[in-house]
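> Would you be able to build a 3D model of this:
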Amino acid sequence: MPSSPGTTHDLIRPREPIALTADAAAPSWLGPALQRAPWVVIRRGPVCDGMVPVGARGSARHQRFAAFLSVAEIAERLSPEDLVVSLRAIEPERRDAVPALAALARVAPVLARRGSRWGPGGSVGFEIATGAATATSSSDLDLILCQERRLEPGEAGDLLATLAAAAAPARIDVMLETPCGGVSLADLAARPARLLVRTPDGPRLWVDPWVVGATALLEAVS
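Model prediction:
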């Protein structure tokens, strides 16, 4: 078992047989999906009583299932950063068929020059990790960037424009992981007075997601 349960966006391969627990009944597509690609992704939320919040995905975009997995049942874990080393393993025919997969090779040098940890998420990350053809011709390129230092809105706008140009014609969706939670790069570039921050306790409006513990600056979003 890995030394830690991991963090949001990490992909987990559970031990067999896969034992997920959930508040809702499992959908009919879940079993076949896990047989085809026995991986789940860590959702944003706390690890409670040794249970990790995870999400399973089916072949269709709407097929998503929120569940929990015991830490003891984790057989393997891959972070988005781990997947960067596997970019060259993408088959040429898949890159030709899926613009988001092809775009990875073009955005990689841009992000490598920044020096921050990063990696693919979403359907592209899932495909690289599992080998299952989950990304489609219309898939966005989801990118996860570890952003521990404050990124000013002007810097965010420049980075967004550079990545969008490199990824084209694929669309990009960039999530900054800050000390307080996840922030959309596009949201930050828009210079709002308060940012929507995705935290383990739910979405919050926050003035500065690089100021840890500034409870007076946030409010819950229903």
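> any chance you could map the helices in the protein?
30-36, 80-83, 92-97, 99-114, 122-130, 153-167, 185-189 (DSSP state H).
> What residues of the fourth one count as buried?
To tie it back to what came earlier, the one meant is helix 99-114. Across helix 99-114, burial judged by 16 or more other Cβ atoms under 10 Å covers 99, 100, 101, 102, 103, 104, 107, 111. For glycine as for every other residue, the C-beta is placed from the backbone atoms N, C-alpha and C.
> quick revisit: could the helices of the chain be laid out in JSON lines, adding mean pLDDT?
Listed next are the helices of the chain as JSON lines, based on pLDDT from 0 to 100:
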{"stretch": "helix 30-36", "mean pLDDT": "95"}
{"stretch": "helix 80-83", "mean pLDDT": "96"}
{"stretch": "helix 92-97", "mean pLDDT": "95"}
{"stretch": "helix 99-114", "mean pLDDT": "95"}
{"stretch": "helix 122-130", "mean pLDDT": "95"}
{"stretch": "helix 153-167", "mean pLDDT": "97"}
{"stretch": "helix 185-189", "mean pLDDT": "97"}
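> deepest of those helices, which one?
helix 122-130 (a mean of 23; mean count of other Cβ atoms under 10 Å).
> now for it, which elements pack on it?
strand 11-14, helix 80-83, helix 99-114, strand 141-146 (3 or more Cβ pairs under 8 Å, 6 or more residues apart in numbering; DSSP states H and E).
> Now these in TSV, please, with extra columns for distance to residue 129.
Output for the helices and strands packed on helix 122-130, formatted as TSV (distance: least, Cβ to Cβ, whole Å):
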stretch	distance to residue 129
strand 11-14	5
helix 80-83	6
helix 99-114	13
strand 141-146	13
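> Quick check: which of the ones you listed is nearest to residue 177?
Counting by Cβ to Cβ, residue 177 lies closest to strand 141-146 out of the helices and strands packed on helix 122-130; the figure is 5.2 Å.
> start to end distance for stretch 11-19?
Length of stretch 11-19, first residue to last, Cα to Cα, to the nearest Å: 16 Å.
> what's next to that stretch, contact-wise?
6, 20, 34, 38-42, 52, 54, 69-70, 73-79, 125-126, 129-130 (Cβ atoms under 8 Å, 6 or more residues apart in numbering).
> ditto for stretch 142-158
9, 80-81, 107, 111, 116-125, 159, 163, 172-179, 183, 185, 188-191, 208, 210.
> Just put the helices of the chain in a markdown table and tack on distance to residue 138.
Shown next, in a markdown table, are the helices of the chain (distance: least, Cβ to Cβ, whole Å):
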| stretch | distance to residue 138 |
| --- | --- |
| helix 30-36 | 20 |
| helix 80-83 | 21 |
| helix 92-97 | 11 |
| helix 99-114 | 9 |
| helix 122-130 | 10 |
| helix 153-167 | 14 |
| helix 185-189 | 19 |
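> ok, residue 160 touching residue 174?
Yes: using Cβ atoms under 8 Å, residue 160 is in contact with residue 174, at 6.8 Å.
> shared neighbours, these two?
Contacts common to residue 160 and residue 174, judged by Cβ under 8 Å, 6+ apart, are 185, 186.
> Lowest-scoring secondary structure element of this protein by mean pLDDT?
For the chain, the helix or strand with the lowest mean confidence is strand 218-220, at a mean of 61 (criterion: mean pLDDT, DSSP states H and E).
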